[in-house]
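S.K.: fold the following and give me the result.
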Amino acid sequence: MKAAQRYADVFFDCDSTLSTLEGIDELARGRRDVAELTRAAMEGRVPLQDVYRRRLELVQPTRASVERLGRSYCHTQVADAGPVLAALQAVGKRVHVISGGLAPAVRKLAAALHVPDERVHAVEISFDRAGDYEAYDAHSPLSRSGGKREYLQRLRAAGGLGPCALVGDGATDLEAADAVDLFIGFGGVERRAEVERNAAVYISSKSLAPVLVHLCTGPEWQRLADRVSFKALLRKALELSGAQENHA
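M.R.: Residues are numbered from 1 along each chain as shown. Down below sits the predicted model:
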């Protein structure tokens, strides 16, 4: 069944949603203490703000390592991320990336996916003259639990959004479910039980293609189906979502 409502703005989380990486864990290069802090926050066992500063203090990311992370994000895109975002933009939707990740790296992936900088919402980081870690924007709502919800509510209050949807994998995404018109849980990289239980829509395939079934109205779907470049993607979306509809 195609979406009954047209979503003008679609937000995607970055880590474990558009990329298979968890950025801070990649920067930590296998440190178990950092990975456990990330896991606890994404599963909702501890508030994000309790681990955000601690992880950065442990990792001490440099300008060069954050730049490498951005390149790694680009090389580890979730299956069909690029075509899905292209399809959404082709029918006139404003696509955003919203993340508690480090903004320079997130912007690198967003640029590869043709998402403009003004639609990238992430946490800024600063470095000293030598390129060593200095600080992060501790005032950013995206660095704390409930922050995505707060951030999206601010955007809506400012009149900058139409009907909107959010796609994400973690507890910080689920917290924002009531700030959007549709929340889609994505378990293709990390399957988190709390998100799966509570998301209005949950996708467990490794591909992002099924989100199109829930984000596109019938007329939007037909516009995509009329373009040869999107036909295979739409077939895959239907197959993976288990939809039983017939489309031209």
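S.K.: you'd agree Val201 is up against Ile184?
M.R.: Yes - the criterion here is CB atoms under 8 Å, and Val201 meets it with Ile184 at 4.6 Å. In this view, the C-beta of every residue, glycine as well, is placed from N, C-alpha and C.
S.K.: what's the overlap in contacts for those two?
M.R.: Listed as contacting both Val201 and Ile184 by CB atoms under 8 Å, 6 or more residues apart in numbering are His214.
S.K.: list the contacts of Ser65.
M.R.: Neighbours of Ser65 in contact, by CB under 8 Å, 6+ apart: Leu27.
S.K.: re the thing from before, which one's more surrounded, Val201 and Ile184?
M.R.: Neighbour totals were compared for Val201 and Ile184, and Ile184 leads with 24 against 17 (other CB atoms under 10 Å).
S.K.: what helix or strand does the more buried one sit in?
M.R.: Assigned by DSSP states H and E, Ile184 belongs to strand 182-186.
S.K.: C-terminal to that strand, what's the next element?
M.R.: Taking DSSP H and E, what comes next after strand 182-186 is helix 193-198.
S.K.: buried residues in that following helix, which are they?
M.R.: Under the neighbour-count criterion of 16 or more other CB atoms under 10 Å, helix 193-198 has Val195 buried.
S.K.: sorry, back to before: in its sheet, what does the strand holding Ile184 sit against?
M.R.: Neighbouring strands of strand 182-186 in its sheet, by DSSP bridges, are strand 164-168 (parallel), strand 201-203 (parallel).
S.K.: which residues does it contact?
M.R.: Residues contacting strand 182-186 (CB under 8 Å, 6+ apart): 3, 5, 7, 13, 16-17, 164-169, 173-174, 176-177, 192, 195-196, 198-203, 208, 211, 214-215.
S.K.: any of those residues buried? List them.
M.R.: 3, 7, 13, 16-17, 164-169, 173-174, 176-177, 192, 195, 199, 201-203, 208, 211, 214-215.
S.K.: make TSV out of the strands paired with strand 182-186 and add distance to Ile125 and mean pLDDT.
M.R.: TSV is the format used below for the strands paired with strand 182-186 (distance: least, CB to CB, whole Å; pLDDT from 0 to 100):
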stretch	distance to Ile125	mean pLDDT
strand 164-168	21	97
strand 201-203	31	96
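S.K.: let's have those strands in CSV, adding distance to Thr76.
M.R.: Listed next are the strands paired with strand 182-186 as CSV, based on distance: least, CB to CB, whole Å:
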stretch, distance to Thr76
strand 164-168, 17
strand 201-203, 18
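S.K.: out of those strands, which gets nearest to Ile98?
M.R.: For Ile98, the closest of the strands paired with strand 182-186 is strand 164-168, at 7.4 Å, according to CB to CB.
S.K.: and Leu215, what does it touch?
M.R.: Leu215 neighbours (CB under 8 Å, 6+ apart): 3, 7, 10, 88, 93, 165, 182, 184.
S.K.: look up the residues forming beta bridges with the last one.
M.R.: Beta-bridge partners for Ile184, by DSSP bridges, are Val167, Val201.
S.K.: now do it, the pLDDT please.
M.R.: pLDDT, Ile184: 97.
S.K.: ok, it to Leu215 distance?
M.R.: 8 Å (CB to CB, to the nearest Å).
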